[in-house]
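>>> quick one: sequence and predicted model below, then my questions.
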Amino acid sequence: MATYKKNRESKALELFQSLDKEQVNFVKLRKIEASYKIKHWIDFFEKISFMDEKGDGERKKWEKWRTASIIVAVLFFIFGFANYFLFVFTFIAIIGIFIFSNFVAKLKSIDVKNQLRLFIFPLLSFLKEEIDQEQKVYLHLDLSQINQEAYLKETIPVKSSALPKILTKIYELNWIKASMQMVDGTDIEWEITDKVRIRNITKRGSSGKIKYKTKIKTKHTIILTSSFSKSKYTCIANPTEISPKSDSSNWVLRQKNKLVSLALDEVFQLEKLLEPIGNCYRKVKPL
Amino acid sequence: MAQCQVKTGIFVVRECGAISGITCADCGKNVCAKHTRQSGPKAVCIECLAKSNNVGNLSIRPHSNRFDSLWYFTRRLSFFQTYNYTPFEGQDYDGFEKTNQQEIEDDNEKGGFLDS
């Protein structure tokens, strides 16, 4: 357990200092791959989610203070030429800018994507009753920013030097993969892959001014595979819906869903994963 | 002793089964302490409270960030209604379990001298 130090600046930083080694590693790298029981995963993510929620709130607060300090510094700088004493306030405001920027930077360094506290942690909490408590749940999670070099799949360069110029970059990231056994013995494996297309457009407007625009389109692909035991279920799906991976012991059903959003970090809704699981269960019947 | 009849689970629901000392004032089910909630002057089961408590309000979240029972039951009800989903009941599996038990008992029968 990491040593705990009271941090007057921030509740979020205080919580970060109380995280264990593995949790700190996850917050810094934004990645984890392990198999634990469901209770362990929930405990693991609970504190990080709470810390992230506090951190997001505090960061917004300090950003507002920083913006206010910048405005105050600029105003007093301008008025300072009329009364040199006002430059003192400019100096104080500049110190404030540095202090608040420091807080914002520290909180940014421990920021985790909202997918964790608004999708993954609620999902695991929700499925807790459904998952076999004694079996381990495999989870591979990568919450890194997708729009970075490591995940760049394709670049479509600008076709000509004339306007409009469009530079297209396509990123792909398989950010979550999980495998779990339900209380009825059914094995569920699922993964979500995001493909992001970012287009930087430079064009001339009707007034003749050059305009810059960034357009983002994200395609989420959810692939879900369910293995139902033949000793407990009979399959009522169409033969074409049954996976060739089915064998003498299990019916294997596969669902593939695609969702499109026009934002980079849109948070997944729980139901977008529950629905395909439910659809697989609809295709079987208890014996 | 009465057992809690509140159903847990999403795709396969089964009764909680914990020891119950209370009866829900709305639906009359036996309820354990964990699944009992106060609704004004009466004690109700958490399933009845979820039905009456802004069903479909997905933004219900507790203060502590640990997702509590009311959030779970409200969200589950919303999922069932929105996607028109009917889960399997625990008794749907009873036939299989009894068959297994019957087979075990049959295996344990002591055969006679002339049995093959």
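Nice, thanks for sending it over.

>>> only C-alpha atoms from now on, for both contacts and neighbour counts.
Fine.

>>> measure A:Lys217 to A:Arg197 for me?
A:Lys217 sits at a distance of 5 Å from A:Arg197 (criterion: CA to CA, to the nearest Å).

>>> which of those two has more neighbours?
Each of A:Lys217 and A:Arg197 has its neighbours counted (other CA atoms under 10 Å in any protein chain shown); A:Arg197 has more, 23 against 16.

>>> any idea of the pLDDT on that one?
At A:Arg197, the pLDDT value in this model is 94.

>>> on the pLDDT front, check the closest residue in space to it that isn't next to it in sequence for me.
Among residues not flanking A:Arg197 along the chain, A:Ile170 sits closest, at 4.5 Å (CA to CA, 6 or more residues apart in numbering or on different chains). Per-residue pLDDT puts A:Ile170 at 95.

>>> so what does A:Ile170 look like in phi/psi?
phi -120, psi 130 (degrees, to the nearest 10).

>>> now do the helices in the chain.
Just going to use chain A. A:11-17, A:21-29, A:38-80, A:87-109, A:114-115, A:121-127, A:271-282 (DSSP state H).

>>> my question was about chain B, not that one.
Remark: helices assigned in chain B by DSSP H are B:46-52, B:69-82, B:94-108.

>>> go through the ones you listed and find the least confident stretch.
Across the helices of chain B, the lowest-scoring stretch is helix B:94-108, with a mean of 42.

>>> please tell me how far stretch A:143-163 is from the chain's geometric centre.
Between the centre of stretch A:143-163 and the centre of its chain there are 20 Å (CA atoms, centre = their mean, to the nearest Å).

>>> first to last residue in that stretch, what's the distance?
Using CA to CA, the end-to-end distance of stretch A:143-163 comes to 36 Å.

>>> before we move on, what about stretch A:200-213?
End-to-end distance for stretch A:200-213, by CA to CA: 6 Å.

>>> ok, and what's touching it?
Contact partners of stretch A:200-213, identified using CA atoms under 8 Å, 6 or more residues apart in numbering or on different chains, comprise A:Leu163, A:Pro164, A:Lys165, A:Ile166, A:Leu167, A:Thr168, A:Thr214, A:Lys215.

>>> what comes up buried for that stretch?
Buried residues in stretch A:200-213, counting neighbours by 16 or more other CA atoms under 10 Å in any protein chain shown, are found at A:Asn200, A:Ile201, A:Thr202, A:Lys203.

>>> could you do stretch B:21-39 as well?
Neighbour counts over stretch B:21-39 (16+ other CA under 10 Å) mark B:Ile22, B:Thr23, B:Cys24, B:Lys29, B:Asn30, B:Val31, B:Cys32, B:His35, B:Thr36, B:Arg37 as buried.

>>> again with stretch A:102-111
Buried, per 16+ other CA under 10 Å, within stretch A:102-111: A:Phe103, A:Val104, A:Lys106, A:Leu107, A:Ile110, A:Asp111.

>>> redo those residues as JSON lines? Include distance to chain B and pLDDT.
Converted to JSON lines, the buried residues of stretch A:102-111 look like this (distance: CA to the nearest CA, whole Å; pLDDT from 0 to 100):
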{"residue": "A:Phe103", "distance to chain B": "24", "pLDDT": "93"}
{"residue": "A:Val104", "distance to chain B": "23", "pLDDT": "94"}
{"residue": "A:Lys106", "distance to chain B": "23", "pLDDT": "93"}
{"residue": "A:Leu107", "distance to chain B": "19", "pLDDT": "94"}
{"residue": "A:Ile110", "distance to chain B": "18", "pLDDT": "93"}
{"residue": "A:Asp111", "distance to chain B": "17", "pLDDT": "94"}
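
>>> now do the domain split for chain A, please.
A:1-133, A:144-287 (automatic domain parsing).

>>> quick one: end-to-end distance for the longest one.
Which is domain A:144-287. 44 Å.

>>> just for the stretch 101-250 of chain A, where's the confidence low?
Under the criterion pLDDT under 70, no range of the stretch 101-250 of chain A is flagged.

>>> tell me the confidence at residue 67?
Unless you meant another one, I'm taking chain A. Value for A:Thr67, per-residue pLDDT: 96.

>>> I was thinking of chain B, sorry if that wasn't clear
B:Phe67 is assigned 61 on the pLDDT scale.

>>> now A:Ile78
Note for A:Ile78: predicted pLDDT of 94.

>>> what's the answer for the one 3 residues further on, then?
You'll see A:Phe81 listed with a pLDDT of 91.

>>> how deep is the closest residue to chain A within chain B tucked in, by neighbour count?
Relative to chain A, the nearest point of chain B is B:Gly9 (5.4 Å; CA to the nearest CA). B:Gly9: 23 surrounding residues under other CA under 10 Å.

>>> quick check: phi and psi on it?
Note on B:Gly9: its backbone torsions stand at phi 100, psi 170 [degrees, to the nearest 10].

>>> follow-up on the earlier one: in TSV: the contacts of stretch A:200-213, plus neighbour count and distance to A:Ile78.
Shown next, in TSV, are those (neighbours: other CA atoms under 10 Å in any protein chain shown; distance: CA to CA, whole Å):
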residue	neighbour count	distance to A:Ile78
A:Leu163	13	40
A:Pro164	17	40
A:Lys165	18	40
A:Ile166	19	41
A:Leu167	16	41
A:Thr168	18	43
A:Thr214	12	35
A:Lys215	13	38
